[in-house]
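In: Quick one, fold the following:
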Amino acid sequence: MSGRLNLVAAGFALTAVTYGLARFAYGLLLPDIREDLALGTVSAGWIGGSSFAAYCVGIIFAFMAKGSLGERRIALLAGVTATIGLTLVVFAQSALALGPAIALAGLSTGLTSPPLAAAVSRSIEDHARAKANGAINAGTAAGIVFSGMAVLAFAGSWRELYALFAAIAAGVSLWLWFAVPSAESYEARPASASLAEFRRPGVFALSASAALVGVASTSIWTFGANLLREEFGFADGALALAWIVLGAAGVLGIATGALTDRFGVGAVHRLAVLAMALAIMAMAAASVVPALAFAAMGLFGLAYILSTGAFLLWGIELYPDRPELGLGLPFLVLALGQTAGAPLFGAVWGAAGSAVVLPLFAAIMASGAANAPSPERRQARAAAP
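Out: Sure thing, here's the model as predicted:
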């Protein structure tokens with residue numbers, strides 16, 4: 001396997017572990033965890049929000065430490081952090097023990113994307129970077145599919161599943177050491193960012209859109225499985241199957257780079273965000289037609305991976321000279337939105353029910369499509385020598 005292919009493959013695996021297993025599997029396993037640990041919706045929301053908050057800390061640390069640690073060590077730290085967090089979940093006996101463990105697992109996701117984006121930027125030619133970044137980003141969906149299949153095979157065994165996830169994370173961590181080029185291979189670049197860099201045209205639109213999408217996406221990521229069980233009566237097997245549908249559809253997001261090359265980042269971004277809004281509304285109608293729940297999960301999975309891929313490329317278009325900042329900014333704001341969105345969803349659901357909270361969060365999601373990168377920016381970049 002060539003060094004570049006090995007980098008993309010290891011990045012795909014790390015993304016699958018940190019995003020798919022360490023972060024989003026919590027939503028799938030939450031019904032069983034709530035039952036065993038007697039968690040309420042508000043507590044579950046706060047714990048889910050802690051994972052997103054830790055993500056913010058991780059992505060800031062990854063950006064600040066890039067100059068001193070380099071991409072390889074930060075990527076390795078992401079794998080090790082995921083391993084420890086997942087292991088601690090195995091032994092959690094209360095909400096107080098579970099919260100820090102889920103937060104530590106969430107921290108790993110923040111440490112994942114910046115070093116991988118920087119490594120791709122340094123190791124892969126410009127014309128192939130969008131496809132490489134899109135492929136790595138699709139690892140999230142692969143991790144979700146795996147977690148769904150694991151739950152299908154070992155229903156009700158959330159502690160054993162987290163132990164399996166921790167073992168996989170340890171193996172991927174070892175792989176990263178050999179796949180990600182060392183910092184010594186590169187020319188040093190500044191790790192800090194001045195305030196002027198955040199005043200570039202388009203940064204506010206990018207941040208506003210990412211925040212709204214982050215808030216609304218928690219309706220599925222944190223509470224999707226709970227909605228299916230508590231509102232629509234799905235059994236464990238049907239829940240896992242719905243999660244697999246979500247992840248399998250998301251794998252198609254590997255085509256993000258090809259789609260943005262063909263139609264532009266703005267068009268893909270708007271279409272993906274509106275599709276997620278439609279998926280959330282479809283969840284509200286699943287009480288009448290249960291099959292809609294599967295369609296909604298699949299549509300959301302595909303649209304979310306396309307959307308995050310579009311955010312990644314949108315940010316890099318704004319910061320072609322600082323790809324790690326271009327990736328880190330929208331992902332950071334997305335996670336800040338998720339940090340606020342999870343407890344908000346739990347509170348509104350508990351107070352007003354799913355008939356109110358789902359349309360509300362669908363509307364928030366749709367508003368995220370109001371902003372998009374202009375076609376002129378893409379054309380200008382394409383015309384650049």
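
In: A363 contacts A277, correct?
Out: Yes. A363 is within contact range of A277, at 7.4 Å (criterion: CB atoms under 8 Å). For every residue, glycine as well, the C-beta is placed using N, CA and C.

In: These two: which has the busier surroundings?
Out: Using other CB atoms under 10 Å, the more surrounded residue of A363 and A277 is A277, with 23 against 14.

In: Figure out the helix or strand that that one lives in.
Out: Using DSSP states H and E, A277 maps to helix 265-284.

In: I'd like the mean pLDDT over that helix, please.
Out: Here helix 265-284 scores 93 as its mean pLDDT.

In: ditto for stretch 366-385
Out: Stretch 366-385 comes out at a mean pLDDT of 67.

In: ok, now stretch 163-183?
Out: Average pLDDT, stretch 163-183: 90.

In: how about that stretch: buried residues?
Out: Residues of stretch 163-183 classed as buried: 164-166, 168-170, 172-173, 175-176, 179-181, 183 (neighbour count, 16 or more other CB atoms under 10 Å).

In: Report the two of these separated the most.
Out: Spatial extent of the buried residues of stretch 163-183 (CB to CB) is set by the pair L164 and A183 at 32.2 Å.

In: Helices along the stretch 251-385 of the chain, start to end?
Out: Along the stretch 251-385 of the chain, counting by DSSP state H, counting those that start in this stretch, helices occupy 256-263, 265-284, 291-318, 323-352, 354-367, 375-383.

In: would you turn these into CSV with distance to I136?
Out: Putting the helices of the stretch 251-385 of the chain into CSV (distance: least, CB to CB, whole Å) gives the following:
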stretch, distance to I136
helix 256-263, 10
helix 265-284, 17
helix 291-318, 9
helix 323-352, 11
helix 354-367, 24
helix 375-383, 21
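
In: Out of the ones you listed, which one sits most buried?
Out: helix 291-318 (a mean of 25; mean count of other CB atoms under 10 Å).

In: now the angle from that helix to helix 354-367?
Out: 30 degrees (axes from the mean of the first three to the mean of the last three CA atoms, to 10 degrees).

In: what's the angle between helix 291-318 and helix 323-352?
Out: Angle of helix 291-318 versus helix 323-352, following the same axes, to 10 degrees, is 150 degrees.

In: pLDDT below threshold where in the stretch 1-150 of the chain?
Out: For the stretch 1-150 of the chain, residues meeting the criterion pLDDT under 70 lie at 1.

In: again, only using 90
Out: Applying pLDDT under 90 to the stretch 1-150 of the chain flags the ranges 1-6, 20, 23-71, 94-96, 106, 109-110, 113-145, 147-149.

In: So which elements touch the helix or strand where M64 lies?
Out: Per DSSP H and E, M64 falls inside helix 41-90. Under the contact criterion of 3 or more CB pairs under 8 Å, 6 or more residues apart in numbering; DSSP states H and E, helix 41-90 touches helix 3-15, helix 25-37, helix 95-110, helix 113-123, helix 158-179, helix 203-221, helix 323-352.

In: How about residues contacting the helix or strand just after the shortest one?
Out: Read it as helix 113-123. Next helix or strand after helix 113-123 toward the C-terminus (DSSP H and E): helix 126-137. Helix 126-137 is contacted by residues 4, 8, 11-12, 15, 113, 116-117, 120-121, 124, 253-258, 260-261, 305, 308-309, 312-313, 316, 327 when judged by CB atoms under 8 Å, 6 or more residues apart in numbering.

In: Can you mark which positions in helix 126-137 are buried?
Out: Buried residues in helix 126-137 (16+ other CB under 10 Å): R129, A130, K131, A132, N133, G134, A135, I136, N137.

In: ok now that helix, how far from the chain's centre?
Out: 17 Å (CA atoms, centre = their mean, to the nearest Å).

In: what angle separates the following helix or strand past that helix from helix 95-110?
Out: Toward the C-terminal end, the helix or strand that comes next after helix 126-137 (DSSP H and E) is helix 139-153. On the basis of the same axes, to 10 degrees, helix 139-153 is oriented at 140 degrees to helix 95-110.

In: relative to helix 158-179, how tilted is helix 139-153?
Out: Using the same axes, to 10 degrees: helix 139-153 against helix 158-179 is 150 degrees.

In: For helix 139-153, name the packing helices and strands.
Out: Against helix 139-153 (3+ CB pairs under 8 Å, 6+ apart) you get helix 3-15, helix 25-37, helix 158-179, helix 236-251, helix 291-318.

In: To E230, which of those lies closest?
Out: helix 25-37 (7.8 Å).

In: got the CA positions of the closest one in PDB?
Out: C-alpha atoms of helix 25-37 as PDB (Å, rounded to 0.1, in the frame of the first residue of the first chain):
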ATOM      1  CA  ALA A  25     -22.700   5.200  19.200                       C
ATOM      2  CA  TYR A  26     -23.800   6.800  22.400                       C
ATOM      3  CA  GLY A  27     -27.100   7.800  20.700                       C
ATOM      4  CA  LEU A  28     -27.700   4.200  19.500                       C
ATOM      5  CA  LEU A  29     -26.900   2.600  22.900                       C
ATOM      6  CA  LEU A  30     -28.600   5.300  24.900                       C
ATOM      7  CA  PRO A  31     -31.900   3.400  25.400                       C
ATOM      8  CA  ASP A  32     -30.100   0.500  27.100                       C
ATOM      9  CA  ILE A  33     -27.800   2.800  29.000                       C
ATOM     10  CA  ARG A  34     -30.700   4.800  30.300                       C
ATOM     11  CA  GLU A  35     -32.500   1.700  31.400                       C
ATOM     12  CA  ASP A  36     -29.400   0.300  33.300                       C
ATOM     13  CA  LEU A  37     -28.300   3.600  34.900                       C
END
